[in-house]
Each structure stands twice: as structure tokens, then as C-alpha cells.
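# 3D, please:
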Amino acid sequence: MKLAADWGCFMKKFALICAGLCLALAGCNQTAQQAAIDPAAPPPVVDAPAPVMASAPPPAAAPAEDNMQALPPIYNPLVDLNGRQQARFDRDHAACRLLAAPQERAAREAMQQQQAGTALAVAGALSGFIPVRGFGNAVNVARAGGAAQDLGGGIAAGGAARNAQATEDYALVVNNCLSRRGYILLRG
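Below is the predicted model of the structure:
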């Protein structure tokens, strides 16, 4: 009987740790992507001081547009180069991405919302594997897990809808920009 109680306590802690890791992973992903998109955002708090290097100057902060350009595009247009060089298209595409930066940022934020909602729903599903003592406790854990699944599913669905709309808006801006520069779009 003592072994079963110890096992149940272990499984509770394990399930809570798994749920916490899912939520922390979603938060870390959001923090890393936000830092890549917006360097003006405050840096994460670090407990240990960074070593000071006297010989090398600190790197200059790049504008947010450059960091957005460093990420892969969320949409690649299919165009007929019409005798133009690939290097010219790459420059034009980069310029059009700058015009569509607000839509791209919105799409990336919506994708993070979708991932966080999914992590919350998974944590709610994992809570069903927590062994508890007593019927009342089991009912409470099941209700809490169901609520987390419902909330996470709603957040994920809202993020997916926002992501689809923002991606569609982004593609529209990029396509219009490229067509005004004389490219023939093969997919619109």
C-alpha cells in the first residue's frame, strides 16, 4: 500500500513537471523569437554578470527590420523572373518583405499564440494521467484538465485564425509589391 501511495505521489509530480515544461517551452520559444524580431525589447534577466571583454567593442544593435530579414520568410512567392537576375529578385523580395513587416510580425505572433495554446491543451491532457487518491480529487483533477484543454484549444484556434489572416495579408502585400516591380506572379 505504501508503494502505491509513493508511486501516485511520484506520478503527480512528474505530470506537473511535464506540464510546467510544456508551458516553459512555449514561453522560451516566444522570448527567443521576440528577441530576434524586436531588439529594442528589454533583454532577459540573467543572474550571473556577463564577462567583460576589453579588446572587443560591443556589437551595434541592428534595426528590427534587419532581424526580421534574418528569419526565413513565412511566404515565398512563385514568380517568373522574366529574364532578370536572381540577385535582383532577391533584393526586390527583401524590399517587399520590409513593406510587409507589420503583417509578418502579426503572423509570427499569432503562430506563437497558437503554440502556447497547444502547449496548454497538452498540459491539460497530461493532467489526466495524474493518479490521485479519492473520487472527489479525481473529479477535480479531471475538471481542471478539461478546462485547461478547452482554454488551450480556444487559444490555439484563435492563434491559427489570426495566423491565417496575417499570412494572407502578408502574401497580398508582397505579391502586389513584386507585381508593381514588373514580376509576373505564377501563384497568387
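
# Please count neighbours and contacts with C-alpha atoms only from this point.
Will do.

# following the biggest helix by length in the chain, which helix or strand shows up next?
Longest helix of the chain, by residue count under DSSP state H: helix 135-180. Per DSSP states H and E, the first helix or strand lying C-terminal to helix 135-180 is strand 184-185.

# Identify the residues contacting that following strand?
For strand 184-185, contacts defined as Cα atoms under 8 Å, 6 or more residues apart in numbering pick out Pro77, Leu78, Val79, Asp80, Leu81, Asn82, Asn175, Ser179.

# Now the buried members of these.
Pro77, Val79, Asn175 (16 or more other Cα atoms under 10 Å).

# residue ranges for the helices of the protein, please.
For the chain, the helices defined by DSSP H occupy 2-37, 64-70, 86-99, 101-126, 135-180.

# ranking the ones you listed by mean pLDDT, which is last?
Note on the helices of the chain: helix 2-37 shows the lowest mean pLDDT, a mean of 54.

# re earlier: tell me the two of the contacts of strand 184-185 that are most distant?
Greatest spacing in the contacts of strand 184-185, by Cα to Cα: Asn82 and Asn175 (15.6 Å).

# What's the local residue count around Arg187?
Arg187 has 9 neighbours, counted by other Cα atoms under 10 Å.

# ok, back up a step: give me the helices and strands touching the longest helix of the chain, please.
For helix 135-180, the elements it packs on are helix 86-99, helix 101-126, judged by 3 or more Cα pairs under 8 Å, 6 or more residues apart in numbering; DSSP states H and E.
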